[in-house]
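Trainee: what's the 3D shape of this:
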Amino acid sequence: MAPVGVLTVSDRASRGEYEDKGGPGIVAALSDILGSPWRPVACVVPDERDQIEAALIDLAERQGCSLILSTGGTGPALRDVTPEATEAVCDRILPGFGELMRTASLREVPTAILSRQLAGTRGRTLIINLPGKPSAIRTCLDAVFAAVPYCVDLIGGDYFETNPQHCKAFRPKA
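Mentor: Model (predicted):
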């Protein structure tokens with residue numbers, strides 16, 4: 001079973017003051033999207049750049065996750081530093097992921113333009129920043145996931161297979 005990092009970035013959730021809905025939102029979406037065996041490796045950290053960086057490195061290097069999905073900390077608020085932490089630990093940034101996620105989200109809410117989601121690679125790991133709201137997480141994953149298994153394969157990560165039903169739902173129209 002391939003481990004998948006699920007990182008929730010939230011001051012309140014890390015202190016137990018708020019129920020983490022983002023992490024479970026990622027797990028629910030992946031349970032529908034992925035067709036190959038996988039298991040979540042979940043953690044919650046506050047909006048502190050050094051702790052986000054440490055968690056991403058731990059998930060990639062110690063936990064062996066070829067895919068890490070983070071949720072939260074991607075807006076314009078002063079405490080939102082997930083993109084900066086992600087960029088600091090990545091070897092390469094893949095701007096197309098963020099562009100497509102924002103485009104898909106803008107079809108649903110005009111405030112999606114405030115999002116600073118991004119994606120990049122660290123060695124054999126693909127890291128994708130997602131919003132904190134479960135419905136927005138699903139919108140973004142649906143938009144980009146067709147490229148995820150191929151990207152992970154190209155960087156030498158674990159094998160991921162998309163659920164055939166998910167692929168049919170998102171085929172480009174002729």
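Trainee: what's the distance between the most centrally placed residue in the chain and residue 17?
Mentor: Nearest to the mean C-alpha position of the chain, by CA atoms, centre = their mean, lies residue 69 at 2.6 Å. Distance, residue 69 to residue 17, using CB to CB, to the nearest Å: 23 Å. C-betas here are computed from N, CA, C, even on glycine.
Trainee: Please report how far residue 142 lies from residue 76.
Mentor: 24 Å.
Trainee: between the two, who's got more neighbours?
Mentor: The neighbour comparison of residue 142 against residue 76 (other CB atoms under 10 Å) goes to residue 142, with 17 against 8.
Trainee: wouldn't that one be in contact with residue 105 here?
Mentor: No - counting by CB atoms under 8 Å, residue 142 sits too far from residue 105 to count as a contact (10.7 Å).
Trainee: show me where the chain has helices.
Mentor: Counting by DSSP state H, residue ranges of the helices within the chain are 11-14, 22-33, 49-57, 82-89, 95-106, 134-144, 148-154, 164-169.
Trainee: Just put the ones you listed in JSON lines and tack on distance to residue 127 and mean pLDDT.
Mentor: Shown next, in JSON lines, are the helices of the chain (distance: least, CB to CB, whole Å; pLDDT from 0 to 100):
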{"stretch": "helix 11-14", "distance to residue 127": "19", "mean pLDDT": "92"}
{"stretch": "helix 22-33", "distance to residue 127": "13", "mean pLDDT": "97"}
{"stretch": "helix 49-57", "distance to residue 127": "6", "mean pLDDT": "98"}
{"stretch": "helix 82-89", "distance to residue 127": "6", "mean pLDDT": "98"}
{"stretch": "helix 95-106", "distance to residue 127": "10", "mean pLDDT": "97"}
{"stretch": "helix 134-144", "distance to residue 127": "13", "mean pLDDT": "95"}
{"stretch": "helix 148-154", "distance to residue 127": "11", "mean pLDDT": "96"}
{"stretch": "helix 164-169", "distance to residue 127": "21", "mean pLDDT": "62"}
